[in-house]
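[1] everything below, folded, please.
(2 chains)
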Protein chains: 2
Amino acid sequence: MIELPYLLFLGDAPDPLAAKVAQGIKDWNPDAAVGQLRLPGCNADMKLPEMTIDQAVEAGVKTLVIGVANRGGIISDKWKVVLKEALEKGLDLASGLHNLLRDEPELVALAKANGRSLHDVRIPTVKYPIASGVKRTGKRCLAVGTDCSVGKMYTALAMGKEMEKRGIKSSFRATGQTGILITGGGVPLDAVIADFMAGSIEYLTPDNDADHWDLIEGQGSLFHASYSGVTLALIHGGQPDALVVCHEPTRPHMRGLPDYKVPSIGAVADLALTMAQMVNPDCKVIGISVNTSGMPEAEALAYLKELEAEYKMPAVDPFRTGVGALVDALVA
Amino acid sequence: MIELPYLLFLGDAPDPLAAKVAQGIKDWNPDAAVGQLRLPGCNADMKLPEMTIDQAVEAGVKTLVIGVANRGGIISDKWKVVLKEALEKGLDLASGLHNLLRDEPELVALAKANGRSLHDVRIPTVKYPIASGVKRTGKRCLAVGTDCSVGKMYTALAMGKEMEKRGIKSSFRATGQTGILITGGGVPLDAVIADFMAGSIEYLTPDNDADHWDLIEGQGSLFHASYSGVTLALIHGGQPDALVVCHEPTRPHMRGLPDYKVPSIGAVADLALTMAQMVNPDCKVIGISVNTSGMPEAEALAYLKELEAEYKMPAVDPFRTGVGALVDALVA
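    Here you go, the predicted model:
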């Protein structure tokens, strides 16, 4: 686990999109971040107090999180000045960048000298078990998708917020680097060794109270030729009691696969349910979550209504309508 | 690729089963092994000429293959004497053991000093791509199973032998350590990083002649809670034109999963075909291969006949009946 609270490092982000990891933390775990540190030329702003490293230490910060994508795949010298000061003054570092903190000898040496940790959240640090398939206590909900990047993380996080509001016990279980940085822990599933994928999800979602829900972050799609194996390991390791199907209706083809059409919501629901019932015969598909950001409001709402009529279950856009109807269905 | 031919090291194998990797090489790629080297107390015998390291070098051997399982998970001092001599005299080493040659400092130093290679075939050495899903030329046949360890490798190897006999172009494509040692190359799929599983199979089975068949070694089962993701990556990366369903009819439950019943051949055929047709709409299930070693001969043959009547396709036991009927169906 990464120690909270965080100082969000926004670096010299050229635009707000470059700082989307910081934005995710700010939006979904606002108590986690007490300040931000920006370099000259930074065009992103989380509206958090601006802090130097000294001020962050003073404010009780434990970890500096790199909340911005780097340009050109390198950790620049300008960034390193800040990262080194953070280590020297007693902060850990956490990063979801492809190039790793642990591959920077200066940072490794300083972390060691100061007894600090370098968290590269793209890389597993746990020796996960082989999945046992044994039924666990507690409830689990998994978001599956018609494609990659259709709002599975967003849906699960939104459901977690709604359940917190209603006083229902739940935990968001991160399986990707942004989710891990938001919550401070999780499994970077795409980087796990094949034989241990399902086991890593069993590890992530252990026995729990009978009325507790794990909201498991989905990955990929059973229909995605590149990543389907990861998705199936999530379903079999997660033993979901409930599935939510996530969809983006304006996409011309599967992400990264120009020759592949996006499957229907119904096809994904049926196949994911078949797979899930192998490990949990009581599993149900409880609703649909659509990213309708590519549609005008009226069209989007009409589309959701059509889906509800066709599939006889709630269909929401977490951003436009909220996920209340999904939580209603979950606890029903 | 591992350089052929091999000297098979049988060590101090307590029984023939401990030397099953050597037996696999002897049975399926007999030209690959020109001799065997046994230590005192060895109870396995491949009926190959006994050779010292010097004699093996003289006979043109390039690689000493550890064809025996080790006891207690260590590479013993007795073994090391032989392995060191092999490196000093110019042989490479190849091993499918869990504990790695590369973790033995003495072997690493000697390999370096003598310009030799240490092949730990459980560990990928290639940086595999993300799968593209693009259709490839040539034909591919994949063995899928109702469970793990039901004869998928054996079936594919037997089909390769039969096709060689008939003058049909084919290549056995290994995805596990025994298969890799038999053929000298392949992908150790269970050790590949999740995101690259399907890509590793695309890499293993590239474009080929229109009348060439890749016979892809299957792994796991779509119904196996621990390894299903690996199986799905094989199907989506392999783009099979033909599927053979492998089965072992006497198993009380899924291997390693006491709470899971073995699925029916029909359920596996239907689900694997659904998955395969996502990447290759022309894929067909062409036959059934059963390991009937747990049944008396008459019962086994009657069972195969029943399966043929039920599923309207050939059902064979590669050991009892041969796989001619599967190859007939493949080329039909």
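
[2] so how many other residues sit close to A:A300?
    20 (other Cβ atoms under 10 Å in any protein chain shown). For glycine as for every other residue, the C-beta is placed from the backbone atoms N, C-alpha and C.

[3] residues contacting it?
    A:A300 makes contact with A:V290, A:T292, A:D317, A:R320 under the criterion Cβ atoms under 8 Å, 6 or more residues apart in numbering or on different chains.

[4] same question, A:G145
    A:G145 touches A:G151, A:K152, A:G218, A:G220, A:S221, A:V245, A:C246, A:H247, A:V268, counting by Cβ under 8 Å, 6+ apart.

[5] check which residues of stretch A:65-73 are buried.
    Under the neighbour-count criterion of 16 or more other Cβ atoms under 10 Å in any protein chain shown, stretch A:65-73 has A:V65, A:I66, A:G67, A:V68, A:A69, A:N70 buried.

[6] skip the chain neighbours and tell me the closest residue to the closest residue to chain B within the stretch 51-200 of chain A.
    For the stretch 51-200 of chain A and chain B, the shortest gap (Cβ to the nearest Cβ) falls at A:G133, measuring 3.5 Å. In space, not counting the residues next to it along the chain, A:G133 is nearest to B:A225; the distance is 3.5 Å by Cβ to Cβ, 6 or more residues apart in numbering or on different chains.

[7] what is the nearest of the contacts of A:A300 to chain B?
    Chain B lies nearest to A:V290 out of those, by Cβ to the nearest Cβ, at 22.1 Å.

[8] can you get me a residue count around the closest one?
    Other residues close to A:V290 by other Cβ under 10 Å number 27.

[9] now do the contacts for it.
    Counting by Cβ under 8 Å, 6+ apart, A:V290 touches A:G151, A:C246, A:H247, A:E248, A:P249, A:A300, A:Y303, A:L304, A:L307, A:A315, A:V316, A:D317.

[10] can you pull out the strands in the stretch 51-200 of chain A?
    All strands of the stretch 51-200 of chain A, identified by DSSP state E, counting those that start in this stretch, fall at A:63-66, A:92-95, A:118-120, A:139-145, A:170-173.

[11] the first one pairs with which strands?
    Note on strand A:63-66: by DSSP bridges, its sheet partners are strand A:6-11 (parallel), strand A:92-95 (parallel).

[12] return the residue of chain A that is most distant from the centre.
    Taking Cα atoms, centre = their mean, the residue of chain A most remote from its mean C-alpha position is A:A113, at 32.2 Å.

[13] and the pLDDT for that one?
    A:A113 is assigned 98 on the pLDDT scale.

[14] what's the answer for A:R71, then?
    So A:R71 comes in at 77 (pLDDT).

[15] one more: A:K47?
    With respect to pLDDT, A:K47 scores 97.

[16] excluding its backbone neighbours, what's nearest it?
    A:K26 (7.9 Å).

[17] my guess is the one you found meets A:L8, correct?
    Yes - counting by Cβ atoms under 8 Å, A:L8 is a contact partner of A:K26 at 7.2 Å.

[18] show me whatever sits in contact with both of these two.
    Any residue near both A:K26 and A:L8 by Cβ under 8 Å, 6+ apart counts here, and that gives A:A33, A:M46, A:L48.

[19] out of these, which sit inside strands?
    Assigned to strands by DSSP state E, the following of these qualify: A:A33.

[20] most surrounded residue in the shared contacts of A:K26 and A:L8?
    Counting by other Cβ under 10 Å, top hit in these: A:A33 with 22 neighbours.

[21] what residues are up against A:I2?
    Neighbour list for A:I2: A:T63, A:V65, A:D92, A:A94, A:H119, A:V121, A:I180, A:L181, A:G184, A:G185 [criterion: Cβ under 8 Å, 6+ apart].

[22] picking that back up, okay if I get the contacts of A:V290 as a markdown table plus distance to B:D15, pLDDT and secondary structure?
    As requested, the contacts of A:V290 are exported to a markdown table (distance: Cβ to Cβ, whole Å; pLDDT from 0 to 100; DSSP: H, G, I helix; E, B strand; the rest coil):
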| residue | distance to B:D15 | pLDDT | secondary structure |
| --- | --- | --- | --- |
| A:G151 | 56 | 94 | coil |
| A:C246 | 53 | 98 | strand |
| A:H247 | 56 | 98 | strand |
| A:E248 | 58 | 96 | coil |
| A:P249 | 61 | 96 | coil |
| A:A300 | 68 | 98 | helix |
| A:Y303 | 66 | 98 | helix |
| A:L304 | 65 | 98 | helix |
| A:L307 | 62 | 98 | helix |
| A:A315 | 61 | 98 | strand |
| A:V316 | 62 | 98 | strand |
| A:D317 | 64 | 98 | coil |
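
[23] who wins for most neighbours among these?
    That'd be A:C246 among those, by other Cβ under 10 Å, with 28 neighbours.

[24] wait, that residue touches A:T292, no?
    No - shown here, A:C246 and A:T292 do not form a contact pair, counting by Cβ under 8 Å, at 11.7 Å.

[25] my read: A:Y6 touches A:I25, true?
    Yes - with contacts counted by Cβ under 8 Å, A:Y6 reaches A:I25, the gap being 6.7 Å.

[26] quick one: contacts for A:A272?
    A:V144, A:L222, A:I235, A:L243, A:V245, A:V285.
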